[in-house]
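In: Here is my input; please provide its structure:
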Amino acid sequence: KRTSASASASSSATNTTNHTRKRAKPSTRHQKDEIQQSKSPAEFFAENQSIAGFDNPGKSLYTTLRELIENSLDACESVDVLPDIHVVIEEMSEGQFNRMRGVPDRGRGNGGGGRAVGEEREEMEYDYGGNDQENNENMENKNDGEPKSNAAKRQSSSNAANAKHNHKKDAYFLLTVRDNGCGMAHGAIPDLLGRVLSGSKYGVRQTRGKFGLGAKMALIWSKKSTGVPIRIKTSHVSADANKRKKKRKSDSDDDDDDEEEEDDVGKNNETVGGRKVGKIVSTCVLDIDIYKNQPRVIQHTQEPNTEQWIGTEIQVLVAGNWTTYKSRVVQYLRQLAIITPYARLEMTYSNRSDEKKGMNFKFERRSEQMPPAAREVKHHPSSVNNLLVQQLLERTNAKTLVKFLTNDLSGITPASARRLIERLGNSFEPDMDPADLDDKLVTRFVQVLRSADDLFKSPDGGCLSPLGEYNLNLGIQKVVEPDIIATARDKPGAYDGHPFIVEAAVSLGGKDAKEGITVVRFANRIPLLFEGGADVATRVANGKIKWSSYKIDHKRDKIGVFVSIVSTKVPFKGTGKEYIGDDIIEIQQSVKRALQNCCQQLRAHLTKKNALRDVKERKSRLLKYIPDVSRSVFGILEAMQKRKSEEAESGPRYSSPRKRIAGAGAGAGVGSSRQQHLKPTESEVFSVLERVSHGDLTEDTIKEHLVEAVEENVNAGIGFDENEEVFGKVGTSKSKKVGEDDDRQAVYLVPIYDDPKTAGNVVIRHPLFDFFPLNA
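Out: Numbers count the residues shown, from 1 in each chain. Coordinates of the predicted model:
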């Protein structure tokens, strides 16, 4: 038995081993067949377009518009020009797109032979969807032998089927975005729009975009959905040219030896709006080689700039879905008008198949004050990592470690650099060459840098460019038109070495406002429309603010919450960059403080408003009963005067025993002092009755005196006039009395956290602050 058991075990093991070997052979062959491949950035994002927000045709249409509009805003702000952006959206059906592109009809490729039933049906439906007048004539000719009622029925059923079929077809959109920004240099156009991950926004700076994807992804989506390249028309003026122009304008002496601008700008060019106009207009038709990540130029020409135009016009033809994302596009434009009140935005939509569906939106410029441009800064010590330090060491020109710390990082002085080197240990010397740091020393270097917060300053928020309370207030008033607004800006903060600033506003009421809390979010002055439920602003507004303590009903009142966060690195969650998580405590607390500040302003106003409402209600109730009270009082006085007259003629009447006891008690000092004070004397009673008898005191005079008393005493203890009207921003609201003009204006104080290099002379000095007038 033992022998047979061991034999069976041995055979089982052998079978298992053989089975394992047999299964391993296909795996080995499969590994030999695998080929290692690499993809270009353009090819990767073309296959993973959802990372850039191109999830589906509708979302791709929205993202394309958004990226082109934001590029236009950047182009205008880079040269300090108030943006003027015009967007044209033209929708066409598949048949119209095919005719425009010269694409052969699907039903005409059978060599003149017969068509399948489905192909004939598709062509008929396509023809019916193209020209209504021609379709009607064809249907009438077809139905000459039929009664008109039957022909009408067939026509209506055919149109219904066509509409249902056309709804399933892809729609195509010709998008044109035109701006008045800096334009693009003629030779730089292909690389700017035809090379993925190529851009000018890399570095530590607040920007709308970071990765150089937006316009390139629009080109990739156009290539995938329609195969049509993009068309660019631009006239370029560099930012340096405008700066030199402004400098020459401010100087008293004119210099005749001005430098000639490269490519597009000449010294004898005319000016438009204080800007030099480029000599030429560049036109470029551009495609992209997905596999090489290189631009493919189809047309690149120059023409004289006879129109004296400055700016860029980009035209792209893409597939999309307007029906599902129309509301998103309109919502984006409305919120963009809030966060950029200094811009003029206009959008025109037209449908080639149905002109009645056309629409036009226009948001006029509300403010002439643009936020200052964001400054690029160096990396903060608490934000570095091993890879970043190695890159900085390779690029530095410093010869010593002290110079590297002070010149290539921010917030480190020479003294703090030497103290930091002492903490690093014996392997580091102040005069050692940064190139001598190996991987182990770099790891130690990074560990000490990220933990030595006491040796250097926190990240500076002066490099950021927030919108400002003034502009935020104007933007909300322009679009939302609320009953009242409160705005606040929290002090600059930092997380992981990246500075940030939170601005917030809370509004009550407004056009098209809904009951409850509506949160509107912005990041680096970009509207965020999707995934709002997980955003830090939404979670703080819904869960961290006790609205009832601020006299606000968060379920019934129409509350608008606006939160704008700017930073050198916005901590987006997810690949779509659509929301900011609440896991960063510093940002969460800053948002909460800003909203609480707004709510405190609203509470002061609402308390005042409620008191004013109570005063008006009290006054209304008192005035309501004045006629009855006047009539009754005058009736009592008439009866008293009549009784006095009768007593004068027939002698005094005896009063009742109760009144005699009360009178005796009053004479003995019985009763409160208030009762004694309110009881009129005999002379006062006689004087009043005399006025009644002579007609000086009537029911009308009593009514007038009661009205005057109500007017004088109804506001007692409130501290404000009943005619006061509060509107605009809380804390700077205006009050107008009847018949009195008031020219007061709201004043917004902007805190200056850095050395005010752009400010004028000090106007007011105080132990706690200095007041500077900022140059507009």
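
In: switch to C-alpha atoms for all contacts and neighbour counts from now on
Out: Fine.

In: give me every residue that touches Pro482.
Out: By C-alpha atoms under 8 Å, 6 or more residues apart in numbering, Pro482 lies in contact with Ile476, Ser507, Leu508, Gly509, Gly510, Lys511.

In: Could you report the distance from the nearest residue to it once chain neighbours are set aside to Leu336?
Out: Closest residue to Pro482 apart from its sequence neighbours, by C-alpha to C-alpha, 6 or more residues apart in numbering: Gly510 at 3.5 Å. Look at Gly510 and Leu336: by C-alpha to C-alpha, to the nearest Å, they are 17 Å apart.

In: more crowded one of the two?
Out: For the pair Gly510 and Leu336, the greater number of neighbours falls to Leu336 (24 against 19), based on other C-alpha atoms under 10 Å.

In: Could you confirm the more buried one falls within a helix?
Out: Yes. Using DSSP: H, G, I helix; E, B strand; the rest coil, the assignment for Leu336 is a helix.

In: From Arg208, how far off is the residue nearest to Pro482?
Out: 29 Å.

In: neighbouring contacts of stretch 447-456?
Out: Contacts with stretch 447-456, where a contact means C-alpha under 8 Å, 6+ apart, come from Pro381, Ser382, Ser383, Val384, Gly411, Ile412, Thr413, Ser416, Arg419, Leu420, Arg423, Leu424.

In: could you measure Gln447 against Asn397, distance?
Out: Gln447 is 23 Å from Asn397, where distance means C-alpha to C-alpha.

In: Tell me which of those two has more neighbours.
Out: The neighbour comparison of Gln447 against Asn397 (other C-alpha under 10 Å) goes to Gln447, with 16 against 13.

In: Make a PyMOL selection of whichever of the contacts of Pro482 turn out to be buried.
Out: Applying 16 or more other C-alpha atoms under 10 Å to the contacts of Pro482 leaves a buried subset, and the PyMOL line that selects it is:
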select buried, resi 476+507+508+509+510
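
In: from the contacts of stretch 447-456, which has minimum pLDDT?
Out: Taking the contacts of stretch 447-456 together, the minimum pLDDT is found at Gly411 (86).

In: contacting residues around it?
Out: Going by C-alpha under 8 Å, 6+ apart, Gly411 touches His380, Pro381, Phe456, Lys457, Ser458, Pro459.

In: So what pairs up with the nearest residue to Leu219 once chain neighbours are set aside in the strands?
Out: Using C-alpha to C-alpha, 6+ apart and skipping the chain neighbours, the partner closest in space to Leu219 is Ile230 (6.4 Å). Residues in a beta bridge with Ile230, per DSSP bridges, are Leu286.

In: Let me know how buried Ile230 is, in neighbour terms.
Out: Other residues close to Ile230 by other C-alpha under 10 Å number 25.

In: can you check Pro304 too?
Out: So Pro304, with other C-alpha under 10 Å, has 12 neighbours.

In: ditto for the one 4 residues further on
Out: When neighbours are defined as other C-alpha under 10 Å, Gln308 has 17 of them.

In: what's the nearest residue to Thr340 once chain neighbours are set aside in contact with, if anything?
Out: Leaving aside its chain neighbours, Thr340 sits nearest to Gly475 (7.0 Å; criterion: C-alpha to C-alpha, 6+ apart). Gly475 makes contact with Ala337, Ile338, Ile339, Thr340, Pro341, Arg366, according to C-alpha under 8 Å, 6+ apart.

In: of all those, which two lie farthest apart?
Out: Within the contacts of Gly475, two members stand farthest from each other by C-alpha to C-alpha: Ile339 and Arg366, at 11.2 Å.

In: quick one, which of these two is more surrounded?
Out: Between Ile339 and Arg366, Ile339 has the larger neighbour count (other C-alpha under 10 Å), namely 27 against 18.

In: ok, so what distance separates that one from Gln331?
Out: Ile339 is 13 Å from Gln331, by C-alpha to C-alpha.

In: Now intersect the contacts of Pro482 with the strands, please.
Out: Counting by DSSP state E, these place Ser507, Leu508 in strands.

In: Output the contacts of Pro482 as a markdown table; include the columns distance to Asp535 and pLDDT.
Out: A markdown table is the format used below for the contacts of Pro482 (distance: C-alpha to C-alpha, whole Å; pLDDT from 0 to 100):
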| residue | distance to Asp535 | pLDDT |
| --- | --- | --- |
| Ile476 | 21 | 95 |
| Ser507 | 19 | 94 |
| Leu508 | 22 | 93 |
| Gly509 | 23 | 90 |
| Gly510 | 24 | 88 |
| Lys511 | 25 | 85 |
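
In: ok, of the contacts of Pro482, which one's closest to Asn407?
Out: Taking C-alpha to C-alpha as the measure, Asn407 sits nearest to Ile476 out of the contacts of Pro482, at 42.4 Å.

In: Now do the contacts for that closest one.
Out: By C-alpha under 8 Å, 6+ apart, the contact list for Ile476 reads Ile338, Pro482.

In: and what of Glu469?
Out: Glu469 touches Thr487, Ala488, Arg489, Glu503, Tyr748, counting by C-alpha under 8 Å, 6+ apart.

In: most surrounded residue in those?
Out: Thr487 (26 neighbours).

In: Please, which helix or strand holds that residue?
Out: According to DSSP states H and E, Thr487 maps onto strand 484-489.

In: Quick one: distance of that strand to the chain centre.
Out: Remark: strand 484-489 is offset 15 Å from the chain centroid, using C-alpha atoms, centre = their mean, to the nearest Å.

In: Against which helices or strands is it packed?
Out: In terms of contacts (3 or more C-alpha pairs under 8 Å, 6 or more residues apart in numbering; DSSP states H and E), strand 484-489 is packed against helix 469-479, strand 498-508, helix 585-650.

In: lowest average confidence, helix or strand, in this structure?
Out: Taking mean pLDDT, DSSP states H and E as the measure, helix 117-130 is the helix or strand of the chain with the lowest mean score, a mean of 35.

In: This completes my enquiry, with thanks.
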